[in-house]
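Q: fold the following.
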Amino acid sequence: MNEIIKNIEAAQLKAEVPQFNVGDTVRVHGKIKEGNRERIQIFEGVVLKKQGGSNRATFTVRKNSNGIGVEKTWPLHSPNVEKVEVIRRGKVRRAKLNYLRDRVGKAAKVKELVK
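A: Residues are numbered from 1 along each chain as shown. Below you'll find the model as predicted:
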């Protein structure tokens with residue numbers, strides 16, 4: 001039984017998984033269905049957390065829209081996630097950036113990682 005589930009989950013994995021970390025500013029291209037039409041909408045923000053493994057892996061992106069914080073959790077291997085572009089790398093020392101929810105303005109920024 002366990003082997004059957006592993007085979008089904010392995011078939012659902014994406015061939016190329018985008019490389020990004022917590023604290024990075026990303027642009028997620030998500031497919032949205034409206035009636036019988038399908039379009040791509042871009043959601044740009046900071047990655048707060050990555051969790052799970054295999055085909056259950058998810059990541060949460062937070063952005064500020066008209067002064068209101070908006071968070072969206074995306075499945076990493078979902079066919080609805082077209083692609084994930086990394087805009088800038090973030091310098092963080094935490095695995096989950098939940099503290100950013102309480103911050104406003106410049107305090108909510110993540111420093112850029114310079115290599």
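
Q: list the buried residues of stretch 107-115.
A: Using 16 or more other Cβ atoms under 10 Å as the test for burial, stretch 107-115 gives 108, 110. Using the backbone N, CA and C atoms, a C-beta is placed for each residue, glycine as well.

Q: low-scoring stretches of this structure, by residue?
A: Within the chain, the segments meeting pLDDT under 70 span 1.

Q: so which residues of it form strands?
A: Using DSSP state E, the strands found in the chain span residues 25-34, 37-51, 58-65, 68-75, 81-88.

Q: tell me which of those is the most buried.
A: Counting by mean count of other Cβ atoms under 10 Å, strand 58-65 has the highest mean neighbour count of the strands of the chain, with a mean of 17.

Q: about what we covered before: could I get the strands of the chain as TSV with distance to Ala11?
A: Output for the strands of the chain, formatted as TSV (distance: least, Cβ to Cβ, whole Å):
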stretch	distance to Ala11
strand 25-34	20
strand 37-51	22
strand 58-65	19
strand 68-75	15
strand 81-88	17
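
Q: for Gln19, find the nearest of these.
A: Using Cβ to Cβ as the measure, strand 81-88 is the one of the strands of the chain that comes nearest Gln19, at 7.6 Å.

Q: what does the closest one rub up against?
A: With contact meaning Cβ atoms under 8 Å, 6 or more residues apart in numbering, strand 81-88 is reached by 18-20, 24-31, 40, 44, 74-75, 112.

Q: same thing but 7 Å
A: Strand 81-88 has contacts (Cβ atoms under 7 Å, 6 or more residues apart in numbering) with 18, 20, 24-31, 40, 74-75, 112.

Q: next, format those as JSON lines and append distance to Ile5.
A: JSON lines is the format used below for the contacts of strand 81-88 (distance: Cβ to Cβ, whole Å):
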{"residue": "Pro18", "distance to Ile5": "25"}
{"residue": "Phe20", "distance to Ile5": "28"}
{"residue": "Asp24", "distance to Ile5": "32"}
{"residue": "Thr25", "distance to Ile5": "36"}
{"residue": "Val26", "distance to Ile5": "30"}
{"residue": "Arg27", "distance to Ile5": "33"}
{"residue": "Val28", "distance to Ile5": "28"}
{"residue": "His29", "distance to Ile5": "30"}
{"residue": "Gly30", "distance to Ile5": "27"}
{"residue": "Lys31", "distance to Ile5": "26"}
{"residue": "Ile40", "distance to Ile5": "32"}
{"residue": "Trp74", "distance to Ile5": "23"}
{"residue": "Pro75", "distance to Ile5": "17"}
{"residue": "Glu112", "distance to Ile5": "41"}
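
Q: that'll do, ta.
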